[in-house]
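Visitor: here is my input; please provide its structure:
(2 chains)
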Protein chains: 2
Amino acid sequence: MLTYDLSKKETLTIYEYLYQCIKRDILDGILHANDKLPSKREFAKHHQISLKTVENTYEQLLTEGYIYSEEKRGYFVMPLGNDHANRGSAHENHMPFSVYQGNLDNDHYFADFTSNQAAIDRFPFDTWAKIMRSVLSEKQSELLKTVSFQGIYELREAIAKYLYGFRGMQVSPDQIIIGAGTEYLYGRLIQLLGRDHVYAVEDPGYQKIMKIYQANAIPWEYVAVDENGMQIDKLYESKASVVHVSPGHHFPTGSIMPIARRRQLLEWAEQDRERYIIEDDYDSEFRFSRRPVPAIQSINHNHRVIYLNTFSKTLAPSIRISYMVLPRKLMERYVSTMNFYSCTVSAFEQYAMAEFMKKGYFERHIHRMKKYYKEKRDCLLNVLEESPLRDYVTIDEKDAGNHFLMKLRTSLSDTELKWFARENGIRLDCLSEYCVINKEAFAHTIIVNYSDLDEYNFRKALHILSDAVIL
Amino acid sequence: MLTYDLSKKETLTIYEYLYQCIKRDILDGILHANDKLPSKREFAKHHQISLKTVENTYEQLLTEGYIYSEEKRGYFVMPLGNDHANRGSAHENHMPFSVYQGNLDNDHYFADFTSNQAAIDRFPFDTWAKIMRSVLSEKQSELLKTVSFQGIYELREAIAKYLYGFRGMQVSPDQIIIGAGTEYLYGRLIQLLGRDHVYAVEDPGYQKIMKIYQANAIPWEYVAVDENGMQIDKLYESKASVVHVSPGHHFPTGSIMPIARRRQLLEWAEQDRERYIIEDDYDSEFRFSRRPVPAIQSINHNHRVIYLNTFSKTLAPSIRISYMVLPRKLMERYVSTMNFYSCTVSAFEQYAMAEFMKKGYFERHIHRMKKYYKEKRDCLLNVLEESPLRDYVTIDEKDAGNHFLMKLRTSLSDTELKWFARENGIRLDCLSEYCVINKEAFAHTIIVNYSDLDEYNFRKALHILSDAVIL
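Guide: Numbering: from 1, shown residues only, chains lettered A, B, ... in the order given. As a prediction, the model looks like this:
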């Protein structure tokens, strides 16, 4: 039995200490690839500690990919590749919580298919800095006053204009609420709509949505997604009264909900006074060739649709400005029950963002980024065409966003594929990881986020992957 | 019966329309001071609209002070003073939601006793701007990367140092979570602690706390506060397992919880594994003569106390940076269940704040503000000493924060006092408004927030008030 001396934990908690011990043993090669770990119960009993502590420890190791679990069999050590033994264990000892920074493994990978952040190096920093400087000198007194709970009017006005021009939406600045990130706004919506709703979440889909409902102890259900988005018959079968969708560009399948399905969705919503559609339009800006699909909100603009979008995705992840457009009735409810909440975005960045939009920089930035992403995508697809993997691959969804799907003809399971990649310095996610109901239907498919991926490393990664795929 | 033609509401909702109609009739003097409004039920029936709509309308008018309610008697028009008839009604017509900005009435008052914001004109804007500019040019790449869910390390480190130096607290940067406002962090705490807790809220106290629990549909109870803070025997009588207190400077009574009471509070918390104290230390910086009282967190630093503080209060309301210090165990729980939440404060302001602290500007600012507030307070107390009201007034709590309490010897009820003030252009809140359980014990006491109040207007206000008080 794996035994650690808890008396040596010093100032660490048991959880931190065990986490570090096991991690170190994995990194140092004391625990070998595919070694089985003791069951959580045995381990807890053996060390006379609570089961919860062991669960937390295993969970953390699992999240970071040091171990993997197999149903009904238990936990096993993830094969990490020998060259990484001992890596970094020294400096981690005096930073017990450094694990929380989430960047422990970054050095391990030469190619990262998983980063879906805005391409940071393309951010128009000089323009942004110039605007910030001018805001600093011109808006002195406005900058220090309390901001309306909805956000500053100038920014809401700029957003309303943008939505009109680019998404065909007719909304008043008075329907807009600005917040520090869509995650924050989801939380507000839960409070606004009340806790009696069941939320439908897309499967496959963006896992954070589910986590937020879970953290808020709100009932939610997965509803299956096909190539046209959420399946409406399944939605009817669910208990849901609020549905969370990204009809403009589904993550991770990339599908766009066709108008017929949108109408069905609206029909579903109209059948009960308290049914709502949360339209998360997070990525709609980056559509390449086809015309942008109108937002559902624009079909049903004063009624059932709550529209959300963010600038974190289009500008930079560290800029925390998102917004939602509420139907009039919900806006009234917000005002009467929640206007005591202060706006969470500082006045300074709101004024800067308003200027950035008003002066046309935002539009120009989107335009440039679209061009950049399209070139990058075309380039990577060319690389794929030239690689030995080309005959084993089908590419899905070529028209939008900053990722595409690469479906492999292979007998490898997704877990095997992921391990192999990891062992060889490639970080990747499979579509099936974003899926619960019907994993098989989405198997053998790699999500290629390319904002952080260059031609050279992609070529190298494809060569390595072909060793595993082509037998 | 008051009748409005709903067919004229155009694009407005019924609620907006009725709100505007009644408000206009009050401002135009069509409805007179102390006129009784129709009962909500009659009004709804008469117009064939829902009771809820009328409730919302009355509630909004009540919140903004256009009407007042008397128990079992109904709703009445607030006396506003004749000179204000017709004010502003024209421009409001094409800005139907302008009411939400909450600044409708600002012009009406020559003296505002209610603003408890940081004194904006004292903000060291030049220094802040200089730091922001240097952050812009030096931190380019850091500024655009995703921030750790806890907030940037530099800022957490600066906060830990500050807390050590000024509050005697030994905390690691790893225990700190930065968020866009304490309201936001309260919400995170609800999710972290789980929904099975009942929260104890101070009465009298800061009403927003209760509203947040209410909006989150979390059970809460008022627990009575005396001159030493929350009454521990009442706390035991309650069902609460989490208690929300401001022991360093209670709002609005200004009381400081003495050490004995603090110990009792900790004892209460120790009696169950899942009892916690939320120590909201929002105003602790502005203590004038006495030594700062150590935070409860510093007595019990790794255990039961969740410490919260904000920079919005010390710097400027539009700077949305707050933080909480979690006990180790709760930090672990946060990491394992909630680290998917992105940090809500933009990297830019976090770096600026970190610099502002590291270079000693924050400390200097606090020092200057203390001096400023003390001088202002002394000056206003002098004005009071010279006023005819001096023999009718007892001043409470002279040592901290930016407000004091003025207890009047008067036969006027608090409602009468408030109306009189309002009619005469003085905005004031009475202590009893922050109180539910025992209003009488806190009656006849005006809260004087003086950050936005000058000598001249205070003198004028006292003269006016003495007309009502001295018979």
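
Visitor: tell me how far A:Pro388 lies from B:Ala352.
Guide: Look at A:Pro388 and B:Ala352: by C-beta to C-beta, to the nearest Å, they are 51 Å apart. Heads up, the C-betas are built off the backbone N, CA and C, glycines and all.

Visitor: the two: who's more crowded?
Guide: B:Ala352 (25 against 13; other C-beta atoms under 10 Å in any protein chain shown).

Visitor: contact partners for the more buried one?
Guide: Applying C-beta atoms under 8 Å, 6 or more residues apart in numbering or on different chains, we find B:Ala352 in contact with B:128, B:131-132, B:135.

Visitor: ok, now with 10 Å
Guide: B:Ala352 sits next to A:346, A:348, B:128-129, B:131-136, B:139, B:155, B:319, B:321, B:346 when contact means C-beta atoms under 10 Å, 6 or more residues apart in numbering or on different chains.

Visitor: and which of these is nearest B:Val335?
Guide: B:Leu155 (18.5 Å; C-beta to C-beta).

Visitor: need the next SSE after the helix or strand where the closest one lies, C-terminal direction.
Guide: Here B:Leu155, judged by DSSP states H and E, is contained in helix B:153-167. Note on helix B:153-167: by DSSP H and E, the next helix or strand toward the C-terminus is strand B:176-179.

Visitor: ok, that following strand near chain A or not?
Guide: Yes. Contact of strand B:176-179 with chain A (C-beta under 10 Å from any C-beta of the partner chain) involves B:Gly179.

Visitor: between helix A:182-193 and the following helix or strand past that strand, find me the angle.
Guide: Downstream of strand B:176-179, the first helix or strand assigned by DSSP H and E is helix B:182-193. With axes from the mean of the first three to the mean of the last three C-alpha atoms, to 10 degrees applied, the angle from helix B:182-193 to helix A:182-193 works out at 80 degrees.

Visitor: chain center to helix B:182-193: distance?
Guide: Averaging C-alpha positions (C-alpha atoms, centre = their mean, to the nearest Å) puts helix B:182-193 17 Å from its chain's average.

Visitor: what subset of the contacts of B:Ala352 is buried?
Guide: A:346, A:348, B:128-129, B:131-132, B:135-136, B:139, B:155, B:319, B:321, B:346 (16 or more other C-beta atoms under 10 Å in any protein chain shown).

Visitor: show me the shaky parts of the stretch 51-200 of chain A.
Guide: Where the stretch 51-200 of chain A drops to pLDDT under 70, the residues are A:63-65, A:80-107, A:118.

Visitor: and with 50 instead?
Guide: A:82-105 (pLDDT under 50).

Visitor: can you show me the strands along it?
Guide: A:67-70, A:74-77, A:111-112, A:176-179, A:199-203 (DSSP state E, counting those that start in this stretch).

Visitor: give me the helices and strands touching the fourth one, please.
Guide: Strand A:176-179 is packed against helix A:153-167, helix A:182-193, strand A:305-310, strand A:322-325, helix A:328-338, with contacts defined by 3 or more C-beta pairs under 10 Å, 6 or more residues apart in numbering or on different chains; DSSP states H and E.
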